[in-house]
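**Q** generate coordinates for the sequence data below:
(chains A and B)
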Amino acid sequence: MEQKIINVAKDFSRFPSGRYVTDSRFSGEAFREKYLRPALTKYDQVIIEMDGTLGYGSSFLDEVFGGLYREGFFKKVGMYQKLKIHTKNVVLKNEIRSYLKYNV
Amino acid sequence: MCDCPTLSDISGFIKDALPFISVAVGWFVVSSFQDRRERRKEIRALIDESKEIIEEVYTLSISYYCRDNKEYIGELSQKIEFKLMMISQYLIVINQAGLKTGGSQELIDFNQIVSGDRFETSNYTERFDDHEWRSELSPASQELIMHLEKKYFSTFRMRSMPMHDFS
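**A** Numbers count the residues shown, from 1 in each chain, chains lettered A, B, ... in the order given. As a prediction, the model looks like this:
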């Protein structure tokens, strides 16, 4: 089983901010399109390590996870099971679950 | 002849040991009350600090949204994100200290009102006159504070204080 680990702070930015690419280089849309979507398409399991950043705005999280959910990406069988969120922050994890409407 | 202790031996032993047993039990009771009191103080301090940060976030949000903010991503928005992260870290510490606050839907709601929707986006618009948003922001911060207070009082009920149902 091929696994991909994405550490947001190391691979993307310690200061993720903004919703759209027009807002910031480190926006939710940029993370979703450059990292998350390709990884979910290519690998059997994708682990996102969320700790180590300054923080996440809800607009960023909504665009990353809610964005994929809204376009129906997770309707494909087994997509939810591919995604694992690693963080010590329970509140952050629960917020991401609320965007995905699934217990990752 | 049997070497078994007689009834008078046992009662003599109990008589001699009783003061020590009383002291040990007394020490245990006082110590556990002391521990509980200290834990209560520590959690109270953590809740008070969390409340301060929640209020700071509230004020920062008003500053962020209620002005002609050309810089929709910058020092102010990052300060808000950082403070929101701090609140969730405080909540984790409070949980670890023994006050079970759960996953805190109240904090998620507060996060979403403060940093969702048009936060840090070019769609940013001033919300000074957005009464709907302002009428959500204040209750969300108050609900979060009340959630912590409610958990605190339900865990450390004080006999002298009448309990009210906050729910």
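
**Q** distance check, A:Glu49 against A:Lys84.
**A** 10 Å (C-beta to C-beta, to the nearest Å). The C-beta positions use only the backbone N, C-alpha and C, and glycine is treated the same way.

**Q** so for those two, which residue has more residues nearby?
**A** A:Glu49 (17 against 13; other C-beta atoms under 10 Å in any protein chain shown).

**Q** got the contact list for the more buried one?
**A** Residues in contact with A:Glu49, defined by C-beta atoms under 8 Å, 6 or more residues apart in numbering or on different chains, are A:5-9, A:86-87.

**Q** looking at those, which is nearest chain B?
**A** A:Thr87 (9.9 Å; C-beta to the nearest C-beta).

**Q** tell me the contacts of that closest one?
**A** So A:Thr87 contacts A:49-51, A:93 (C-beta under 8 Å, 6+ apart).

**Q** tell me the buried residues within these.
**A** A:49-50, A:93 (16 or more other C-beta atoms under 10 Å in any protein chain shown).

**Q** let's see which of those end up in strands.
**A** A:Glu49 (DSSP state E).

**Q** now, the most widely separated pair of the contacts of A:Thr87?
**A** Using C-beta to C-beta, the contacts of A:Thr87 span at most 11.9 Å, a distance reached by A:Glu49 and A:Lys93.

**Q** please give the element, helix or strand, for the spatially most central residue of chain B.
**A** In chain B, the centroid-proximal residue (C-alpha atoms, centre = their mean) is B:Ile47; its distance is 4.2 Å. For B:Ile47, the element it lies in under DSSP states H and E is helix B:7-65.

**Q** and for B:Thr121, the neighbour number?
**A** Counted by other C-beta under 10 Å, the residues lying close to B:Thr121 total 24.

**Q** now do the contacts for it.
**A** Applying C-beta under 8 Å, 6+ apart, the residues near B:Thr121 are A:18-20, A:23, A:59, B:72.

**Q** and the least confident helix or strand in chain A by mean pLDDT, what's buried?
**A** When each helix and strand of chain A is scored by mean pLDDT, DSSP states H and E, helix A:79-82 comes last, with a mean of 88. Neighbour-count burial for helix A:79-82 flags A:79-80, A:82 (criterion: 16+ other C-beta under 10 Å).
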